[in-house]
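A.B. asks: From the sequence below, what's the structure:
(chains A and B)
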Amino acid sequence: MNYLLYGLSWSLPFLSPDLPETKELPAITVAFGVLDEKDINWTHTGVCYKATRGAYLLCVPGVAKYLATNGDTIIIEAEANIPQEDIVIFLYNLVAGAILLQRGILPLQASVVAKKGKASVLLGGSGMGKSIVAAGLMQQGFDFVTDTICAVHPGDEPIIKAGYPYLMLWHGEMKMLGYEPNQCKKARRHLEKYCLPVPDERFCTEAIIENLYLFENSNESGLYVTPIIGQAKFTAILISVYHNPLINAFGVQKELYRSIITLINKSSIEKVRSSMRLDKTHDFLNSFSKQF
Amino acid sequence: MGNILWIASYPKSGNTWFRMFLSHILRDEISSIDINQYESDGIASARNAFDYYSGLDSTDLTREEIERLRPDVYEKMSATAEGLLIIKAHDAYKTLPDGRHLFPSPATKAAVYLLRNPLDVLVSYAHHNGQSIEKTIKAMNNADHTLSYKKNNALSQLPHFLGTWSHHVQSWTEIPSFTYVIRYEDLHQKPLDTFKKAAEAIGLNKSTERIKKAIEATSFDNLQKQEQEKGFHERPHSSSSFFRSGKLGSWRESLTEKQAGAIIEKHSVMMKRYGYLDHKDNPVY
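C.D. replies: All right, here's what the predicted structure looks like:
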C-alpha cells in the first residue's frame, strides 16, 4: 500500500496508518538500506547535510542517515534500535522538503489552515509559534492543511497539497489550548513535543493560497500586521523556503522562482509582528483572527 | 585560528555597549551610530543560525543533541565567513561531554569577556527580565541557571547555560586561553585607555582620535537617548528600556542589606578577585 503525502504517492518500508492511503503508483520510493555516497560529488555541505544536483544526504547523529536522489528515491540507514517516530519526523519534514525541491515543488516553512478551500499560510522560522496559531485557528473553525512544510505545487494557481495530518505542539502549547498532551503520541522520544491529531472532517487535502502571513518576533506589546509590497514580497517568500540553501545546491532556481512569482501575483503577504509569548496566546489569537 | 570574535558576558554587563563601540570603529566613516542598525552577527544562541548551518530543525532535537552540534555549527560559520564575525554570547564557557569546547578554538579569532559588579548586574538584570530582586538573586546564585530553556516549549533562541554569576566569570576567565577580560567599571571610568587596549588586544589597531570618536558616539547617554526616541529592537518585552541606568554603584539605591549580602556571600571569591570587594569584604563600587 502507498501513502499520500504533500500530494504525492509514497511507497514506505513501514506501515504509516496516520497517512491517507492511495492506489496511485509511487512517485517516491523509500527503503531501508546501506548508503553508498562515495561516487557523489557534493557541491554544498552543512554540518549535517551534503547536497548537489539531484542528491541530498542528511545525517542526524544517533538517529539515521537519509539519501534522497532524483526526486524519487530515499534510502534510510538507521542506527540500531531507533523507534519509527524518530526516523519519521526527519523523513516527513527535512528529507521530504529536499525531495519536493528536487521535483520543483516549492516547500515553504509554514503551517497552513483553510476555509472553503482558501488557504492562509503562516510563514516563519522554527520556534516562532506557527503551529500553536494554526491549532488555535483550527479551534475557531478553520480546516487544517499542513504543519511545518507547505508544499506549493507548480501551476497557474498556487495549490497546496496536505502534509502529515498532525500538528506538532509542545507540552506547554497543548495545555494552553486545553488539550491533554499525555493522550497524544510524542513526536520523538525524549522530546516534550506531541502530535495533535486532526479529525478527518477538518483535514483539508488541497487548498488554493489566498493569504500569507510572515511571523516575526517583536518586543512590543500587541499585534502589528502590515502588508508586504513590491520586491519585498519575493524576498519574504524566498527566505521562507524550507532549508533554502538547497535551492542553489539542486540548481532549481528557475522552477522555484516561477512558483514564487505565481504565488506573489495571486496572493497577499503580510508581516505579523508580535511578542508571541505563550501566556499571551489567547490574546494573540483573538486579535489575529480578526484578519479573516 | 577562526573568524569569530566572541563578545561574552553575563547578561547586563555591557555586551551590547561594547559591540556598538566595535561596530563604530570597524566602519570607514566616522558618524553617529543608529542603535537599530549597528553591524552585528547575532548571538551564539540564535536558533535560525543553528538551523541554517546544521541543516536541521532545532525544534526536533533534544537540548543535548543541540549542544553537541553547536561547536560544529560555529566551525562551519567561521569557515564560510568572508571576514570577521562579531558574535555575542551569554553562555558560560563549557567543555561538552565529548571533550570538545562549546566555543571551539578552530572557530575562534579571540574572545572579549565583559564583567560587571554583580550587585549592579542584579538590579539591571531584574529590570531587564521584569522580575523581582529576590527571584533574580535566585537566578544569579543558581548553578543550573539557563536562559531560553523551557522543557515544555521551544523559544526563538536555543537554550544557553549560564550557571551562577561566579561560575560564568570563572568559566570564561580561567579556561580558554583566548579571552581578553574587561571590567564594565573600567569602560566607564577609564574609557579611552580601556577601549583602546581592548581594540588592540583583538587586533583592531586604531588611532586615539578614532577611538575617542567611537566612545563619544556610543556613550551611554547617546544610546539611552536614541532608545527613548525610537525604541531598541533588542529590548525584551518584559522591560521598559534596555539602556536604563548604566551608573556604577546604583545598587546602593535599590538593594536592601540582606539582598546585597545574598550576592556577596555567594560570590565573594570572584568579587574580590576582580576588585569588587576590598580586603574587608566591603563593596568597592
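A.B. asks: ok, the strand or helix carrying B:Leu122 near chain A or not?
C.D. replies: Per DSSP states H and E, B:Leu122 falls inside helix B:118-129. No - applying CB under 8 Å from any CB of the partner chain, one finds helix B:118-129 separated from chain A by no less than 11.5 Å. Quick note: C-beta positions are derived from backbone N, CA and C, even for glycine.
A.B. asks: What's the first helix or strand after that helix?
C.D. replies: Counting by DSSP H and E, what follows helix B:118-129 is helix B:133-140.
A.B. asks: now that next one, how far from the centre of its chain.
C.D. replies: 18 Å (CA atoms, centre = their mean, to the nearest Å).
A.B. asks: Give the helix, strand or coil label for B:Leu192.
C.D. replies: With DSSP: H, G, I helix; E, B strand; the rest coil as the basis, B:Leu192 sits in helix.
A.B. asks: Return the residues in contact with the closest residue to A:Thr146 other than its chain neighbours.
C.D. replies: Distance criterion CB to CB, 6 or more residues apart in numbering or on different chains; nearest residue to A:Thr146, sequence neighbours excluded, is A:Gly163 at 3.3 Å. By CB atoms under 8 Å, 6 or more residues apart in numbering or on different chains, A:Gly163 lies in contact with A:Leu5, A:Tyr6, A:Tyr92, A:Val145, A:Thr146, A:Asp147, A:Thr148, A:Ile149, A:Cys150, A:Ala151.
A.B. asks: Please name the bridge partners of the last one.
C.D. replies: When bridges are taken as DSSP bridges, the partners of A:Ala151 come out as A:Pro107, A:Lys161.
A.B. asks: Quick one: list the elements packing against the helix holding B:Leu122.
C.D. replies: helix B:133-140, helix B:257-273 (3 or more CB pairs under 8 Å, 6 or more residues apart in numbering or on different chains; DSSP states H and E).
A.B. asks: Looking at those helices, which is nearest to A:Glu255?
C.D. replies: For the helices and strands packed on helix B:118-129, proximity to A:Glu255 was assessed by CB to CB; helix B:133-140 is nearest, at 50.7 Å.
A.B. asks: which parts of that closest one are buried?
C.D. replies: Applying a neighbour-count criterion of 16 or more other CB atoms under 10 Å in any protein chain shown, one finds B:Ile133, B:Thr136, B:Ile137, B:Ala139, B:Met140 buried in helix B:133-140.
A.B. asks: and what of stretch A:252-269?
C.D. replies: A:Val252, A:Glu255, A:Leu256, A:Ser259, A:Ile260, A:Thr262, A:Leu263, A:Ile264, A:Ser267, A:Ile269.
A.B. asks: A:Ile75 contacts A:Ala64, correct?
C.D. replies: No - in this structure, A:Ile75 is not within contact of A:Ala64 by CB atoms under 8 Å, at 10.2 Å.
A.B. asks: any chance of the buried residues of stretch A:252-269 in CSV, with pLDDT too?
C.D. replies: CSV is the format used below for the buried residues of stretch A:252-269 (pLDDT from 0 to 100):
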residue, pLDDT
A:Val252, 95
A:Glu255, 91
A:Leu256, 93
A:Ser259, 94
A:Ile260, 95
A:Thr262, 93
A:Leu263, 94
A:Ile264, 94
A:Ser267, 94
A:Ile269, 96
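A.B. asks: B:Asp91: what's it in contact with?
C.D. replies: B:Asp91 makes contact with B:Ala8, B:Ala44, B:Ser45, B:Leu102, B:Phe103, B:His160, B:Phe161, B:Leu162, according to CB under 8 Å, 6+ apart.
A.B. asks: cool, and B:Gly2?
C.D. replies: B:Gly2 neighbours (CB under 8 Å, 6+ apart): B:Tyr74, B:Glu75, B:Ser78, B:Ala79, B:Pro104, B:Ser105, B:Pro106, B:Ala107, B:Thr108, B:Lys109.
A.B. asks: what about 7 Å?
C.D. replies: Residues counted as contacts of B:Gly2 (CB atoms under 7 Å, 6 or more residues apart in numbering or on different chains) are B:Ser78, B:Pro106, B:Ala107, B:Thr108, B:Lys109.
A.B. asks: Just to be sure, the first one is in a helix?
C.D. replies: Yes - in this structure, B:Ser78 lies within a helix as judged by three-state DSSP.
A.B. asks: anything in the helix or strand bottoming out on mean pLDDT in chain A near chain B?
C.D. replies: In chain A, no helix or strand scores lower on mean pLDDT, DSSP states H and E than helix A:281-288, which sits at a mean of 88. No - in terms of CB under 7 Å from any CB of the partner chain, no part of helix A:281-288 sits within range of chain B; the closest distance is 10.7 Å.
A.B. asks: which secondary structure elements does that helix contact?
C.D. replies: Helices and strands touching helix A:281-288, as assessed by 3 or more CB pairs under 7 Å, 6 or more residues apart in numbering or on different chains; DSSP states H and E, comprise helix A:130-139.
A.B. asks: what about residue 182, which SS state?
C.D. replies: No chain in the question, so chain A it is. Assigned by three-state DSSP, the conformation of A:Asn182 is helix.
A.B. asks: I'd say A:Tyr56 and A:Ala96 touch.
C.D. replies: No - with contact defined as CB atoms under 7 Å, A:Tyr56 and A:Ala96 do not form a contacting pair (10.9 Å).
A.B. asks: Mutual contacts of these two, please.
C.D. replies: Contacts common to A:Tyr56 and A:Ala96, judged by CB under 7 Å, 6+ apart, are absent.
A.B. asks: and the helix or strand of chain B with the lowest mean pLDDT, C-alpha only, in CSV?
C.D. replies: Least confident helix or strand of chain B, by mean pLDDT, DSSP H and E, is helix B:220-230 with a mean of 76. Coordinates of each C-alpha in helix B:220-230 appear next as CSV, following Å, rounded to 0.1, in the frame of the first residue of the first chain:
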residue,chain,number,x,y,z
PHE,B,220,25.6,55.6,27.4
ASP,B,221,23.7,58.9,27.3
ASN,B,222,23.7,58.8,23.5
LEU,B,223,22.4,55.2,23.3
GLN,B,224,19.8,55.9,26.0
LYS,B,225,18.6,59.0,24.2
GLN,B,226,18.2,57.1,20.9
GLU,B,227,16.3,54.3,22.7
GLN,B,228,13.9,56.9,24.2
GLU,B,229,13.4,58.5,20.8
LYS,B,230,12.9,55.5,18.6
